[in-house]
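[1] kindly return the folded structure for what I paste below:
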Amino acid sequence: MKNQMMTPEQAAARIDAGATLVIAGDEEVLTKLPRGRWIGGTTVYFMTETGGHVDRENVFVTELEAAEDARAVLYEGEDLPSLTMGRFDNGLSVILIPAFSKAHEAYAIHGAEYPGLFDQPVMGWITGVHLDELASATPKVIDGTTGRVHQEGALVLHVKLSASRSANVEILNLFTQDDNGPEITFPATGFAAETARINGAEVDFAKWVEAQGIDTRLPLVANYAGALVNVSFQSVGPEGVAFYAPVIEGVSYRLAASPGDYTTVFARQAQGDGAQELSCNCILNFLFGELQDKRTGSFTGPVTFGEIAYILLNQTMVRLQLHGQDQAAVA
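    The predicted structure follows:
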């Protein structure tokens, strides 16, 4: 794989050359690219070799050189649970979903139940817009094979690999559970909660968060058989607490322990060859870690409104690696 910020002209040249691409950028730029074997998602935030940047003019391009074939499919509505059905026997799937869409909510809550989801690598992100434009702009996904722009549905690029190649998805999570904090459970699954149980006692959750002076820059963390999954706070107010990912009924959460300095911790944990790995980083890490113009190791890629490593994640970095080699390319 190759990762690179490109001008629209450079990206168009790779499209015209028949490359299999995943492209992130501003909607206006993405919609002017030629048709070809690519999918795209909107964002204007990026981690680059020189640090975090906002860029409306250029696009971030990942070239999947090892792809023997690829097909883009939009799944929406009742078709969402079948998004694994169109994949190749040996390959991977890159998935892009617009933030705040019905597909975003459905995938977040029910994605883990989709047939065969964990049988083959699924990696991607939730597309976004500039934070100053949340009220005026809508996150989109673009099917480069048709040129169509969608603000609803999950756009999936199914990629075929040779029998000698394999892919794996890795999650980089700065957060661990604060073992000294209380156990928190919720009475219902959803992106918001009015009440919660704190060590078994029911409370008004928003009032409890405010009374305890909880730092809502730190997420709630659940432990799924050793896999730590974050749920980030969106807002706390009279109507309750809203989250960027759903809390799950009956699952035990704890507040996250502070990771320390974001930039230092990321640089220490993000080891490897980022130039050869498809990766994305959460907008909350970008904001709370003050990553504008700061480098976080060698990993580059779009800054997103949610990360997908099979299931929806928050405040993580997700990366996809290819292993093995064939005659076409060495990723």
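[2] from residue 185, how far out is the residue located most distally from the centre of the chain?
    Using CA atoms, centre = their mean, the residue of the chain lying farthest from its centre is residue 201. It sits 33.8 Å away. From residue 201 over to residue 185 the distance is 11 Å, taken as CB to CB, to the nearest Å. To be clear about C-beta, it is placed using only N, CA and C from the backbone, and glycine gets the same treatment.
[3] coming back round to it: run through the bridge partners of the residue farthest from the centre of the chain.
    Legend: beta-bridge partners of residue 201 under DSSP bridges are residue 198.
[4] okay, it: pLDDT?
    Each residue has a pLDDT score; the one for residue 201 is 97.
[5] just the strands from the stretch 201-331 of the chain, written as ranges.
    201-204, 220-224, 227-231, 233-237, 240-247, 253-255, 278-282, 301-304, 307-309, 311-313, 316-323 (DSSP state E, counting those that start in this stretch).
[6] got it, and the stretch 1-150 of the chain?
    Using DSSP E, counting those that start in this stretch, strands in the stretch 1-150 of the chain cover 2-6, 21-25, 38-42, 45-48, 51-54, 59-63, 69-75, 91-98, 122-127, 141-143, 148-150.
[7] name the residues that touch the second one?
    In this structure, residues lying in contact with strand 21-25 by CB atoms under 8 Å, 6 or more residues apart in numbering are 11, 14-15, 30, 33, 36-44, 46, 55, 58-64, 94, 96, 127, 142, 144, 157, 278, 301-302.
[8] cool, and the third one?
    The set of residues that contact strand 38-42 without belonging to it, under CB under 8 Å, 6+ apart, is 15, 19-27, 30, 33, 59, 72, 94, 96, 98, 125, 127-129, 139-145, 155-157, 302, 304.
[9] ok, the first one next?
    Under the contact criterion CB under 8 Å, 6+ apart, strand 2-6 has outside partners 14, 46, 48, 55, 58-63, 65, 274-279, 300-301.
[10] ok, of those, which come out buried?
    For the contacts of strand 2-6, a burial check counting by 16 or more other CB atoms under 10 Å picks out 14, 46, 48, 55, 58-63, 274, 276-279, 300-301.
[11] where does pLDDT dip in this protein?
    Residue ranges of the chain with pLDDT under 70: 1, 267, 270-276, 296-298, 326-331.
[12] break this protein into its domains for me.
    Domain segmentation of the chain under automatic domain parsing yields 2-172+262-323, 184-255.
[13] tell me which of those sits nearest to residue 178.
    Residue 178 sits nearest to domain 184-255 of all the domains of the chain, at 5.0 Å, using CB to CB.
[14] between the two ends of the closest one, how far is it?
    8 Å (CA to CA, to the nearest Å).
[15] can you give me the buried ones in stretch 161-176?
    Within stretch 161-176, the residues that count as buried by 16+ other CB under 10 Å are 161, 162, 165, 166, 167, 169, 171, 172, 173, 174, 175.
[16] so what's the gap between that stretch and the chain middle?
    Distance, stretch centre to chain centre, for stretch 161-176: 14 Å (CA atoms, centre = their mean, to the nearest Å).
[17] can you measure across it, start residue to end residue?
    Terminal residues of stretch 161-176 lie 35 Å apart, using CA to CA.
[18] circling back to that earlier point, can you list the strands of the stretch 1-150 of the chain in CSV and add distance to residue 227?
    As requested, the strands of the stretch 1-150 of the chain are arranged in CSV below (distance: least, CB to CB, whole Å):
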stretch, distance to residue 227
strand 2-6, 26
strand 21-25, 25
strand 38-42, 25
strand 45-48, 24
strand 51-54, 27
strand 59-63, 25
strand 69-75, 25
strand 91-98, 19
strand 122-127, 15
strand 141-143, 27
strand 148-150, 30
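[19] closest to residue 312 out of those strands?
    strand 122-127 (7.3 Å).
[20] next, count neighbours for the closest residue to residue 291 other than its chain neighbours.
    Nearest residue to residue 291 in three dimensions, chain neighbours excluded: residue 52, at 3.8 Å (CB to CB, 6 or more residues apart in numbering). Counted with other CB atoms under 10 Å, the neighbours of residue 52 add up to 22.
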